[in-house]
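**Q** Predicted model and sequence follow; I will ask about them next.
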Amino acid sequence: MAKPGNQGLTRVIKAAGYSAKGFRAAWKYESAFRQEVVLAVTLMPFAVWLGRDPFEIAVLIASLLLVVIVELLNSAVEAVVDRVGDEPHQLSGRAKDLGSAAVFVSLALVIMLWSAVLWDRIG
């Protein structure tokens, strides 16, 4: 059974509004998000220069966007954990550590992909 609520174009418009609200909150409250967005925007023109074909360019840009996506999810997990309570708890710490590890892996992927393409282009 479908969830009651908006449908069609109204649902899409409201969802876009929620997304915009999420982007504004991430920009305002999450310094890591701001840093990763600046990094992505800065490196995107280099992806166009570095990539030899549209697929390679897309992979380089996608790796940057993946970091932003993972950071947004990590920030969401942290917000929920912080909402639940301030007292230290093993599961709360684990959830935050796992989110941080996911961001680290996405950044490692960027380094690996960009290094491989750079090596192929220059080496």
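**A** Yes, it's here. Numbering: from 1, shown residues only.
**Q** Output the contacting helices and strands for the helix or strand encompassing residue 46.
**A** In the assignment (DSSP states H and E), residue 46 maps to helix 31-50. Applying 3 or more Cβ pairs under 8 Å, 6 or more residues apart in numbering; DSSP states H and E, one finds that helix 31-50 contacts helix 8-29, helix 54-84, helix 90-122. (Glycine included, C-beta is placed from N, CA and C.)
**Q** looking at these, which is closest to residue 42?
**A** Nearest to residue 42 among these is helix 54-84 (9.4 Å), distances taken as Cβ to Cβ.
**Q** Show me how far the closest one is from its chain's centre.
**A** What separates the centre of helix 54-84 from the centre of its chain is 1 Å, taken as Cα atoms, centre = their mean, to the nearest Å.
**Q** could you give the angle of it to helix 8-29?
**A** With axes from the mean of the first three to the mean of the last three Cα atoms, to 10 degrees defining the directions, helix 54-84 sits at 80 degrees from helix 8-29.
**Q** Buried residues, helix 54-84. List them.
**A** 56-57, 59-61, 63-64, 66-68, 70-72, 74-75, 77-78, 81 (16 or more other Cβ atoms under 10 Å).
**Q** which helices and strands sit right next to it?
**A** Using 3+ Cβ pairs under 8 Å, 6+ apart, helix 54-84 is in contact with helix 8-29, helix 31-50, helix 90-122.
**Q** Would you mind checking the average pLDDT for that helix?
**A** Averaging pLDDT along helix 54-84 gives 97.
**Q** And stretch 34-51, by the same measure?
**A** With pLDDT averaged residue by residue, stretch 34-51 scores 97.
**Q** contact partners of it?
**A** With contact meaning Cβ atoms under 8 Å, 6 or more residues apart in numbering, stretch 34-51 is reached by 27, 56-61, 64-65, 67-68, 71, 114, 117-118, 121.
**Q** re earlier: tabulate the helices and strands packed on helix 31-50 in a markdown table, adding columns for distance to residue 37.
**A** Shown next, in a markdown table, are the helices and strands packed on helix 31-50 (distance: least, Cβ to Cβ, whole Å):
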| stretch | distance to residue 37 |
| --- | --- |
| helix 8-29 | 7 |
| helix 54-84 | 6 |
| helix 90-122 | 13 |
